[in-house]
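Peer 1: Okay, here's the prediction I keep looking at, along with the sequence it came from:
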Amino acid sequence: MASNSSYRFNEKLRCLLEDCFRREAGAEVAIPGDDVDLIEAGVLDSMAWVSFLRALETASGSFDLGSHVNGRTASFAALLAALEDGASTPTPPEHSESAQSLAFTANLTAIAASSSTVGSRVIPAEDVDRAFGMPVGKLRGRAGIASLAYATEGENELTLGGRAAEEALRAADCGAQQLDWIIATSETHHDYPALSARLHSRLLVRENCAALDVGGACLGLLNALAVAQSLIGSGQAKTILVVTADVHSRTLTPGRVAGEFGGLFGDGASAFLLRGADGNGASGGYLLGEFMFGCAGQYAAAIQISDPKDGSLNVQFDGEALSRAAITRMEKVLTAVELRSGIPRTSVGGFATHQPNPRLVTLLAKQCGVAKSAFPPVARVSGNLGSSTCGAALHESLRSASKEAPSDRRPIFLASLGPGLLFGGGWLTPSV
Amino acid sequence: MTKLLITEITRMGPAFCVIGLQREEERIQSVRSIPASGHSWSHFPHQRGDILDCALAPFPAAKPHIEDRTATRGFQKSSTVAEIETVSYLRKAETAESLPDLFGCAIHENRNGTGLHAMPSEARRSICGCETQNLRLELYANELRATLALLSGEVLRDLPVVDRDWRDFIDAALSPSRGANRTARLERFLNSQFHYKIMSCPHHFIRLGLTRPYHEVCWLMLDTLFPLPRLEWLQEF
């Protein structure tokens, strides 16, 4: 007789299967019997069959379904068998009833504290229009940007990132000597020593605290969180500081890049202190769920930036294609997060996503059928902060949640993009 | 009378779609020969590289299938050209290096799962050739799919492979007469020797096509993959 947990697990697989099927076939199509061959019965054509399976792979985290199904009928029964085969390794216990995911990390990771900061100079969008030689009102009218946060002369990635890091450490009552790793990400700091090494020195952490820089541009925060989660999950670290810092205003300058691109960006930083959580979670904090990543290479040409080493900057930027890609991909990522986590988007407290510009955030909210107010207004007041956009939005979502009673706190979804087109998503759940 | 160099024979359900090249003054252009009724041929006995004499009449096809021509009488084979020569002509016909240039329009991704499509009202043609940086074939849940990188670096995933010869080759590879573990052997071939044979071939070339509008969109598919498969490759796995 099947145990309760395996029964629940199989039920989750079936729910996931049916969810993905409905998305592909349409809500009005009845769920077929388990043994019905979906292609032979004309329920799905071959395009839709493959599309359905790919969506199921993403949602379940089982990435070899197609191979498992080769030689079998195109039926629910074959898919359930393949999903169960793929999940045959024992899974650790669930960490939260609200996060009904299919696979779980070995050790839980909690965000103990967070912080974000932006450049100290606040510039009205109209001044930026003028500086780039664009019609006054263009940034506000077309992109929805009210102002941009620019670094002052004395500010850079190190000072902004350091400031955010110190605030996060203070908020967690964590001494710098307790850190096992610093993981930094920036899309504008390309010097050596690298940003993580410079933060290491600035924060005066232990010499044997490791320092690592991860890439991904605007996706950098999610990459860094996933690395940190793995290190904590595998027992190699207990306390990790993740820092993002981006100063665009010295790179994307008038004369170097077009205002339609350069005018969107501001300067900022964020920091997150991560710790391993015991079986009871980090009371009052948030636990990291799973992350999912990928690269939608069909959009590779939509944004390309290279340094020709002559002082200029080569920027290929197809705004229309990139906007379309951003909306489509982020919605797909959020859908996959919703399916894999089992958390309906309507019950999410905050969407800490990348914000290429405020207009796209409005469109994304509409497309996803969620309130725009669930997206913290980072880009509207500070501009696109690169890898720090997601960080600032996550910090703001966590800050808002901290004002609520622990029992009223709701999950947070993460989603971001980077050139490539890299994409990633994940979720956080309140610990109880 | 038109001389048509047959470059594509695709399997579309139970029938075949036939595309060739014709020379018009100095231009080489693609032409899709269709029967007087319907869009495809239930029987097409010719091969790629065959040059056929035929009579083609303009056909008021809906966009983006502007290459459609009605065949008003049967095909008469006049000669055959080698595969390498066929590809040299294809390289002089419609080609593109980037995604938006393929069909002269934006290419959209399926919002639910996978697959790429063009909007019929936006696409300016339904067939285009291109070079690839890399190409992989995969048997995915019993369906033959291609993933490829264009010269621009843009990646196209999960394209249905409708090339008749490649589909026949896969069917032959999976034939019960070939013994046990056929799927696994085919997967190994596609992951190893196939890649070497295709990518090292100097006349490696592909043509992509758009389906007829279906649910208001035209899906991208891999119409032709050169070099064509050889039966003796079946002995290798």
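Peer 2: Good, I have the coordinates.
Peer 1: Flag every buried residue along stretch A:176-190.
Peer 2: Within stretch A:176-190, the residues that qualify as buried by neighbour count (16 or more other C-beta atoms under 10 Å in any protein chain shown) are A:176, A:178-189. The C-beta positions use only the backbone N, C-alpha and C, and glycine is treated the same way.
Peer 1: and which of these is nearest chain B?
Peer 2: Proximity to chain B was ranked across the buried residues of stretch A:176-190 by C-beta to the nearest C-beta; first place goes to residue A:187, at 19.4 Å.
Peer 1: What is the burial count for the residue nearest to residue B:142 when sequence neighbours are not counted?
Peer 2: Once its chain neighbours are removed from consideration, residue B:142 has its nearest residue in residue A:70; the separation is 5.8 Å (C-beta to C-beta, 6 or more residues apart in numbering or on different chains). Taking other C-beta atoms under 10 Å in any protein chain shown as the criterion, the count of residues near residue A:70 is 21.
Peer 1: same check, this time on residue A:192
Peer 2: Residues lying near residue A:192 (other C-beta under 10 Å) number 8.
Peer 1: do the same with residue A:117
Peer 2: Neighbours of residue A:117 under the rule other C-beta under 10 Å: 26.
Peer 1: That one contacts residue A:166, correct?
Peer 2: No: in terms of C-beta atoms under 8 Å, residue A:117 does not count as a neighbour of residue A:166; the distance is 10.0 Å.
Peer 1: Quick check: pLDDT value at whatever residue of chain A ends up closest to chain B.
Peer 2: For chain A, the residue closest to chain B is residue A:297, as judged by C-beta to the nearest C-beta, at 2.6 Å. What the model reports for residue A:297 is a pLDDT of 94.
Peer 1: Just to check, it is in contact with residue A:422?
Peer 2: No: contact status for residue A:297 versus residue A:422: not in contact, 9.8 Å apart, counting by C-beta under 8 Å.
Peer 1: And the helices in the chain, which stretches?
Peer 2: No chain was given, so I picked chain A. According to DSSP state H, chain A carries its helices in the segments A:4-25, A:46-60, A:65-69, A:76-86, A:125-131, A:138, A:157-171, A:195-203, A:220-233, A:259-262, A:319-341, A:358-368, A:378-382, A:387-402.
Peer 1: could you do chain B instead?
Peer 2: Ranges of helices in chain B, per DSSP H, are B:83-90, B:99-102, B:164-173, B:182-191, B:193-199.
Peer 1: same for the third one, what does it pack against?
Peer 2: Judged by 3 or more C-beta pairs under 8 Å, 6 or more residues apart in numbering or on different chains; DSSP states H and E, helix B:164-173 is in contact with strand B:2-12, strand B:143-150, helix B:182-191.
Peer 1: likewise the shortest one?
Peer 2: Under the contact definition 3+ C-beta pairs under 8 Å, 6+ apart, helix B:99-102 sits against strand B:127-130.
Peer 1: Let's see that with 7 Å instead.
Peer 2: Contacts defined by 3 or more C-beta pairs under 7 Å, 6 or more residues apart in numbering or on different chains; DSSP states H and E place helix B:99-102 against no helix or strand at all.
Peer 1: Contact residues of the stretch 301-432 of chain A facing chain B?
Peer 2: The interface of the stretch 301-432 of chain A toward chain B, taken as C-beta under 7 Å from any C-beta of the partner chain, is made up of A:301, A:321, A:328, A:332.
Peer 1: Which one of those sits in the busiest neighbourhood?
Peer 2: Ranked by neighbour count under the definition other C-beta under 10 Å, those are headed by residue A:332 with 22 neighbours.
Peer 1: domain assignment for the chain?
Peer 2: Using chain A. For chain A, the structural domains run A:4-86, A:109-276, A:286-430, going by automatic domain parsing.
Peer 1: actually chain B
Peer 2: For chain B, whose domains are defined here by automatic domain parsing, the residue ranges read B:2-89, B:94-236.
Peer 1: what sits against the residue nearest to residue B:209 when sequence neighbours are not counted?
Peer 2: Nearest in space to residue B:209, with sequence neighbours left out and distances taken as C-beta to C-beta, 6+ apart, is residue B:223 at 4.0 Å. Each residue near residue B:223 by C-beta atoms under 7 Å, 6 or more residues apart in numbering or on different chains is listed here: B:8, B:10, B:127, B:162-163, B:207-209.
Peer 1: Now with 10 Å, please.
Peer 2: B:7-10, B:17, B:19, B:126-129, B:159-164, B:206-210 (C-beta atoms under 10 Å, 6 or more residues apart in numbering or on different chains).
Peer 1: Weed out the non-buried ones from the residues you listed.
Peer 2: Looking at the contacts of residue B:223 with 16+ other C-beta under 10 Å, the buried ones turn out to be B:7-10, B:17, B:19, B:126-129, B:159-164, B:206-210.
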